[in-house]
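Colleague: Quick one: sequence plus predicted model below, questions after.
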Amino acid sequence: MLAGTRESEERAFSSACHGAGRSMSRHQARKRWSGRQLVDELSRQGIVIRSPSMRGVAEEAPGAYKDVSEVIEATHEAGLARKVAQLQPMLCVKG
């Protein structure tokens, strides 16, 4: 979790990242992962997914996104936001 900084107000109109951002398209993600595979894999990590669409789960696979730790670190180092807490997912509702 990040908090804004005064420097961000001056340099980026109070803007900072609001997520990691995709590293591959939804189409590429569907070709690489199956929704069922992801639901089972994340369940073993203690993360529950509820979705009406296994296609949607595959499109939003964690591996389809940039490494959020790297994005947070870059944002922090650039002075656009400061790190205040680290959260771990417990539940994902897709719909």
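Modeller: All right, it came through fine. This one's a predicted model, so the numbers in the text were calculated from it and none came from an experiment. Residues are numbered from 1 along each chain as shown.
Colleague: and the helix or strand bottoming out on mean pLDDT in the chain, which strands flank it?
Modeller: Among the helices and strands of the chain, strand 91-93 carries the lowest confidence by mean pLDDT, DSSP states H and E, at a mean of 75. Using DSSP bridges, strand 91-93 pairs in its sheet with strand 48-50 (parallel).
Colleague: what residues does the helix or strand following the strand it pairs with touch?
Modeller: Next along the chain after strand 48-50, taking DSSP states H and E as the criterion, comes helix 54-59. For helix 54-59, contacts defined as CB atoms under 8 Å, 6 or more residues apart in numbering pick out 26, 29-30, 32-36, 38-39, 49, 51, 94-95. Where you see a C-beta, it was placed from the backbone N, CA and C, and this is true even at glycine.
Colleague: tell me the least confident of the residues you listed?
Modeller: Lowest pLDDT within those is found at residue 95 (62).
Colleague: thinking again about what came up before, of all pairs in the contacts of helix 54-59, which one spans the longest distance?
Modeller: Within the contacts of helix 54-59, 32 and 95 form the most distant pair, 22.1 Å apart (CB to CB).
Colleague: Can you get me a residue count around residue 61?
Modeller: 21 (other CB atoms under 10 Å).
Colleague: quick thing: my sequence starts at 45, can you match it?
Modeller: OK, 45 is where the count begins now, so the last one is residue 105.
Colleague: List the contacts of the residue nearest to it when sequence neighbours are not counted.
Modeller: Once flanking residues are discounted, residue 105 sits nearest to residue 77: 4.5 Å by CB to CB, 6 or more residues apart in numbering. By CB under 8 Å, 6+ apart, the contact set of residue 77 is 102, 105, 107, 108.
Colleague: next one: residue 80
Modeller: Residues in contact with residue 80 (CB under 8 Å, 6+ apart) are residue 98.
Colleague: and it, helix, strand or coil?
Modeller: The three-state label given to residue 80 by DSSP: H, G, I helix; E, B strand; the rest coil is helix.
Colleague: what's the spacing between it and residue 95?
Modeller: Distance, residue 80 to residue 95, by CB to CB, to the nearest Å: 11 Å.
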